[in-house]
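# Take this sequence and fold it.
(one chain, ligands or ions: 1)
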Amino acid sequence: MKYDVIVVGGGIIGVMCAYWLVKSGQTTVLLERGEIAQGTTANSFAWANATSKTTDRAYHDLNAMGLAGFHALRDEFGAQALGIKSGGSLQLAEPTDTAGYKSLRDQAAALATFNHPARWINTQELRALEPNLAHKPDAQALFGPDDLCLDAPRFSRFIAGQIRKLGGEVREHCAATTLLATDDGVVTGLTCDAGDLQAQNVLITTGPDTAASLAGLTGYDGFMSGFPMGKVPGLLLSTLPVAPNLLNRLIYGAPSNEVHILPEPSGGIKIGADDMDGMITDDQTDKNLRRVGLLLLERAAKLLPALADIKIDTCTLGVGIRAYPQDGISIAGQMPASKGFYLVATHSGITLAPAIGQLMAGMIHTGQTPDRLKPFALERFAGFS
Ligand SMILES: Cc1cc2nc3c(=O)[nH]c(=O)nc-3n(C[C@H](O)[C@H](O)[C@H](O)COP(=O)(O)OP(=O)(O)OC[C@H]3O[C@@H](n4cnc5c(N)ncnc54)[C@H](O)[C@@H]3O)c2cc1C
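You can find the predicted model right below:
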């Protein structure tokens, strides 16, 4: 059999690409070397939003399309099946913190010019929305009512089930090892743990392992040092389920207590803090993760005092590796100087997966780059143009 497309990597990006490929009538097989959603997708804060992305209009719009995609899927399959928690997000600001307050006000102004659903709320409304939070008496917030919290592994496994239902193949414990192509760069398939597979197109969605998989699949080691993407680890802590309605939506703490917390669809609270990620970059021993985990809990309890009684030994600590393109925005499109060879490597992949999946499927199906993907081509980086 000759497939239209082989997708390599069963994280949320590969799963959503394969889903849209199958929906557009392409014969598709998704290969995952382990199990679905075992990579970064398993250790993500998983806040689906475009509210925090205001510096680049095209990137904002792609995230907004991703968020809209989640809303459409939720309407089709239901929040419970997909592991989606609605309720939106609140990013806190304190008027006495002049720089932080101005920065969030500027973000709100940018979102207004983008016509994105977000609005500024006063202390009274903040208290009404989240009565259990502790914050300064004059705190205000940017409210993103459409933002979602996701159980990303559950979502990915559900979509993998839909791929199978629609007639696509999902092969777990099946690593891709060698790309098969003609001398002039036309893809003909690949070799994987199950043997040779023939295909017209191969799409690489291996997240933080993109450089290593490109090097391994093509035999060109230059990808290891020359691919324009870094890897940035982050620590997340999840508690056991807490009282219902203790927290109703994602909260981004003000700069005086930098921490973000969200209610997981499974009932616990997930906690992260960007400025603490550096503390685990070089030392991911259990001892160090526990030490930083205690600091996360401490900050989270200042924001949500009911967490003060949570014991670290009842919590789960997870390290996720962000795939971070050099300029911070996604890489999605065709490999230069090839035919039938595509890749996606991105941060914010939870939010973006429904949009990137749909657009990449359209691109592979028609052979045309959709306008929305044009700013994200790999060609924008030196050495790939
Ligand atoms: C701490 C942290 C917080 C984050 N917070 C958010 C957030 O709030 N919102 C948001 O939108 N994004 C967030 N992200 C980013 C988001 O989680 C990622 O962008 C997304 O999960 C990436 O998905 P992926 O499918 O590209 O990669 P992965 O989930 O890593 O999937 C890649 C898969 O490829 C497989 N693979 C690799 N090589 C091969 C091979 N040769 N053959 C077969 N399979 C292979 C791997 O096993 C893996 O399962 C966060 C990330 C981190 C680390």
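# which non-adjacent residue is nearest Val22?
Spatial nearest neighbour of Val22, chain neighbours left out: Gly168 (3.8 Å); criterion: Cβ to Cβ, 6 or more residues apart in numbering. For glycine as for every other residue, the C-beta is placed from the backbone atoms N, C-alpha and C.
# for the protein, which helix is longest?
Secondary structure of the chain per DSSP state H: the longest helix is helix 57-77.
# which element follows that helix toward the C-terminus?
Using DSSP states H and E, the helix or strand that follows helix 57-77 in sequence is helix 79-82.
# So in that sheet, which strands flank the helix or strand following that following helix, and in what orientation?
Counting by DSSP H and E, the next helix or strand C-terminal to helix 79-82 is strand 84-85. With DSSP bridges as the test, strand 84-85 is paired with strand 148-150 (antiparallel).
# which residues are in contact with the partner strand?
46-49, 67, 70-71, 74, 82-87, 249-250, 262-265, 270, 350 (Cβ atoms under 8 Å, 6 or more residues apart in numbering).
# Which of the helices and strands in the chain ranks last by mean pLDDT?
helix 222-226 (a mean of 93; mean pLDDT, DSSP states H and E).
# so how far is the longest helix of the chain from its chain's centroid?
Centroid displacement of helix 57-77 relative to its chain, using Cα atoms, centre = their mean, to the nearest Å, is 12 Å.
# Identify all contacting residues around it.
For helix 57-77, the external contacting residues (Cβ under 8 Å, 6+ apart) are 48-50, 53-54, 82, 84, 86, 114, 116, 146-148, 150, 158, 162, 329-330, 348, 351-358, 372, 375-376.
# Which of those residues fall within strands?
48, 84, 148, 150 (DSSP state E).
# Can you give the domain ranges for the protein?
2-43+153-228+326-380, 89-145+230-322 (automatic domain parsing).
# can you redo the ones you listed as a markdown table with mean neighbour count and distance to Leu62?
Formatted as a markdown table, those follow (neighbours: other Cβ atoms under 10 Å; distance: least, Cβ to Cβ, whole Å):
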| stretch | mean neighbour count | distance to Leu62 |
| --- | --- | --- |
| domain 2-43+153-228+326-380 | 20 | 5 |
| domain 89-145+230-322 | 17 | 12 |
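# how about CSV for these, with distance to the ligand added?
As requested, the domains of the chain are exported to CSV (distance: least, Cβ to the nearest ligand atom, whole Å):
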stretch, distance to the ligand
domain 2-43+153-228+326-380, 2
domain 89-145+230-322, 3
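# residue contacts, Cys174?
Residues near Cys174 by Cβ under 8 Å, 6+ apart: 31-33, 192-194.
# run the last query once more with 6 Å
31, 192-194 (Cβ atoms under 6 Å, 6 or more residues apart in numbering).
# thinking Gly14 is in contact with Ile6, fair?
No. Using Cβ atoms under 6 Å, Gly14 is not in contact with Ile6, being 10.4 Å away.
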